[in-house]
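# Compute the structure for the input listed below.
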Amino acid sequence: MTANWLKTRQTKYALYVTIYLAVILGILGAANWLANRHNRSFDATANKRYSLADQTIKIVKNLKSDVKVAYFDRTNGFARARDLLDRYDNLSTRLTVEYVDPDKKPQLARAAGITSLGSIIINSGSKREEAKSLSEEEITSALIRAIKTGERNACFTTGTGGHAIDDTERTGYSAAKELVERNNYKTRSISLLEKAEVPADCTVLILGGSKYDYTDPAVNAIKTYVENGGRALIMLDPPLRVGRADNTGNAPLAKMLEGWGVVVNKDLALDTSGIGQIFGLGPEVPLVTSYESHPIVRESKDVATAFPMSRTLEVKTADKVTVEKLFSTSGNSYATSNLNSAEIRLDPARDKKGPLTLAAAGTYNTGKENNNGRFVVVGSSDWAANNIISFNGNRDLFMNMMNWLSSDEDLISIRPKEPEDRRLSLSRSQMSRIFYSSVIGLPLFVIVSGIMVWWRRR
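Just a heads-up that it's a prediction; the model follows:
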């Protein structure tokens with residue numbers, strides 16, 4: 001009976017061990033499956049170096065068709081790319097990443113037309129795009145070009161003394177041109193003075209400021225274009241009369257905008273809050289940190305944008321037009337009508353106190369389904385110039401305006417930015433102080449402290 005009892009107990013123990021092992025293996029298998037399907041990580045870096053931008057996450061998670069990303073490099077170079085590309089791969093099952101060594105799989109490299117190591121090819125259906133470098137900005141831009149169908153043309157007007165897209169100086173628009181081209185647009189300059197007609201293939205017409213008035217035929221061409229379903233980004237500067245900065249104010253264009261429910265005031269917005277000084281900006285560069293609920297600015301949240309030399313706007317009702325404010329200055333701002341002096345002269349008794357509207361967006365009802373005109377009006381053209389378009393949220397705001405105008409609302413978001421350079425630069429004297437304090441001073445302090453403790457206990 002004892003032998004049978006022991007045998008029964010051993011059987012029970014064996015059964016328990018078997019069950020425990022099965023449960024443990026099941027838990028490990030489930031955890032491994034979940035980790036493989038739902039990779040999660042936490043980015044504790046101050047500048048979110050290991051996090052993808054909102055736009056990248058939005059695009060990849062909303063993919064409607066399969067996308068294949070191929071990275072071509074030697075096997076020992078895959079680790080460098082995995083750090084970024086695997087984050088894309090983890091966002092959606094519709095996007096897959098393949099790492100190809102051209103030396104081990106020359107047929108694949110030859111079929112893809114690879115001529116250099118480090119190449120990144122993105123395929124979506126029959127479309128093929130190449131990222132210029134291993135950076136989130138370039139990869140996401142190539143991804144947008146691959147998944148978006150149709151041609152998008154950004155037409156910048158010339159001939160009135162405004163910003164030029166081939167101008168690489170501080171006040172030029174070459175950076176804006178490069179930005180829109182990276183985001184699936186083709187760019188070109190058009191002159192409404194030579195021919196008062198907006199080309200039919202222009203997806204978005206961009207008026208980047210002007211020193212001189214648009215002629216009546218040019219204004220009529222813009223009006224006809226938008227009211228027939230066209231899209232326009234109109235940036236106007238205040239009518240300053242200071243030395244070489246003279247600006248006529250564009251009365252004909254302002255009159256057209258008033259018919260669309262946007263009154264362009266003859267004034268200059270000044271920010272007296274002093275916040276701009278933190279960024280090295282003067283009162284002539286109002287900062288915006290709060291926005292309305294329009295799709296263009298909905299994703300901006302508390303991101304700061306700057307608008308140098310800006311005039312204010314007012315929004316009113318108009319026939320066939322729906323207009324909304326986009327953003328305004330803070331309450332610590334004024335709109336001065338003193339436009340003939342280089343000195344800032346505030347008159348609180350006469351000058352209008354903020355908040356002051358700086359931009360508005362409108363939709364013109366053409367009566368045709370899915371063919372309404374759209375326009376955005378900004379009281380400054382300098383905010384998109386080379387010297388300030390990279391300031392905080394300016395770049396995102398500019399592209400969000402472009403995306404809304406071209407009906408690409410799914411691309412409106414905060415875009416990838418170049419990694420922040422957080423290197424520490426030290427002078428020779430600072431390096432010497434660090435060396436003597438850490439390499440010599442600290443060990444010497446520990447030794448002396450030890451000797452003193454030993455001496456007292458002796």
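# show me where the stretch 201-350 of the chain has helices.
Ranges of helices within the stretch 201-350 of the chain are 216-227, 251-259, based on DSSP state H, counting those that start in this stretch.
# which one of those lies closest to Y71?
helix 216-227 (43.2 Å; CB to CB). For every residue, glycine as well, the C-beta is placed using N, CA and C.
# Check which residues of that closest one are buried.
A218, V219, N220, A221, I222, K223, Y225, V226, E227 (16 or more other CB atoms under 10 Å).
# I'd assumed A232 was in contact with the fifth one.
Spelled out, it's I222. Yes. Using CB atoms under 8 Å, I222 is in contact with A232, at 6.4 Å.
# any residues in contact with both of these two?
L205, L207 (CB atoms under 8 Å, 6 or more residues apart in numbering).
# Which strand residues bridge A361?
E324, V376 (DSSP bridges).
# List the residues that contact it.
Taking CB under 8 Å, 6+ apart, one finds H294, I296, V323, E324, L326, R374, F375, V376, V377, M401, W404 in contact with A361.
# Show the pLDDT at T8.
T8 is assigned 67 on the pLDDT scale.
# returning to what we had before: how about the buried residues of helix 216-227 in a markdown table, adding distance to I278 and pLDDT?
Shown next, in a markdown table, are the buried residues of helix 216-227 (distance: CB to CB, whole Å; pLDDT from 0 to 100):
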| residue | distance to I278 | pLDDT |
| --- | --- | --- |
| A218 | 41 | 95 |
| V219 | 40 | 96 |
| N220 | 45 | 96 |
| A221 | 43 | 96 |
| I222 | 38 | 97 |
| K223 | 42 | 97 |
| Y225 | 41 | 97 |
| V226 | 39 | 97 |
| E227 | 43 | 96 |
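# Between those residues, which sits nearest V60?
Among these, and counting by CB to CB, the member closest to V60 is V226, at 33.7 Å.
# Verify the contact between that closest one and G373 for me.
Yes. Counting by CB under 8 Å, G373 is a contact partner of V226 at 4.1 Å.
# Report the residue spans of the stretch 251-400 of the chain with pLDDT below the cut-off.
341-349 (pLDDT under 70).
# What segments of it are strands?
262-264, 268-271, 287-288, 305-306, 313-315, 321-328, 333-336, 352-353, 357-364, 373-378 (DSSP state E, counting those that start in this stretch).
# that older thread, now the buried residues of helix 216-227 in CSV, with distance to I165?
Output for those, formatted as CSV (distance: CB to CB, whole Å):
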residue, distance to I165
A218, 18
V219, 22
N220, 24
A221, 20
I222, 18
K223, 23
Y225, 19
V226, 21
E227, 26
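# returning to what we had before: joint contacts of V226 and G373?
A232, Y364.
# wait, what's in contact with Y291?
V297, R298, S300, K301, L326, F327.
# From L326, how far off is it?
Noted for Y291: a distance of 7 Å to L326, by CB to CB, to the nearest Å.
# V264 now?
Applying CB to CB to V264 and L326 gives a distance of 14 Å.
# part of a helix, is V69?
No. Looking at V69 with DSSP: H, G, I helix; E, B strand; the rest coil, it is strand, so not inside a helix.
# State the number of residues packed around it.
23 (other CB atoms under 10 Å).
# Name the residues linked to it by a beta bridge.
Taking DSSP bridges as the rule, V69 bridges to V97, I122.
# my read: K148 touches N183, true?
No. K148 is not in contact with N183 according to CB under 8 Å; the separation is 9.2 Å.
# Compare those two (neighbour count), which wins?
N183 (22 against 18).
# got the contact list for the more buried one?
Contacts of N183 by CB under 8 Å, 6+ apart are S141, I144, M399, M402, N403, L411.
# Could you list which residues are in contact with A359?
L313, K325, L326, F327, V376, V377, V378, G379.
# Oh, that last question was meant for E194, not what I typed.
G159.
# what's the answer for the one 4 residues further on, then?
Contacts for V198 were tallied using CB under 8 Å, 6+ apart; they are C155, I190, L192, L205, A221, I222, T224, Y225, G230.
# Could you tell me how many residues sit around the nearest residue to the last one once chain neighbours are set aside?
Taking CB to CB, 6 or more residues apart in numbering, and ignoring the residues beside it in sequence, G230 has G373 as its nearest neighbour in space, at 5.6 Å. Around G373 there are 24 other residues, counting by other CB under 10 Å.
# Also the one 5 residues further on?
Applying other CB under 10 Å, we find 27 other residues in the vicinity of V378.
# how near is it to L207?
For V378 relative to L207 (CB to CB), the value is 10 Å.
# And V297, by the same measure?
20 Å.
# ok, now E169?
20 Å.
# Comparing those two, which shows the higher neighbour count?
More crowded of E169 and L207, by other CB under 10 Å: L207, with 26 against 11.
# Am I right that that one is in contact with D237?
No. At 10.8 Å, L207 does not count as touching D237 under the criterion of CB under 8 Å.
# picking that back up, how about the contacts of A361, which pair is most distant?
Most distant of those, by CB to CB, are V323 and M401, 14.7 Å apart.
# the more surrounded of these two?
M401 (25 against 20).
# That one looks like it's in a strand, true?
No. Looking at M401 with three-state DSSP, it is helix, so not inside a strand.
# Having no further points to raise, I will conclude here.
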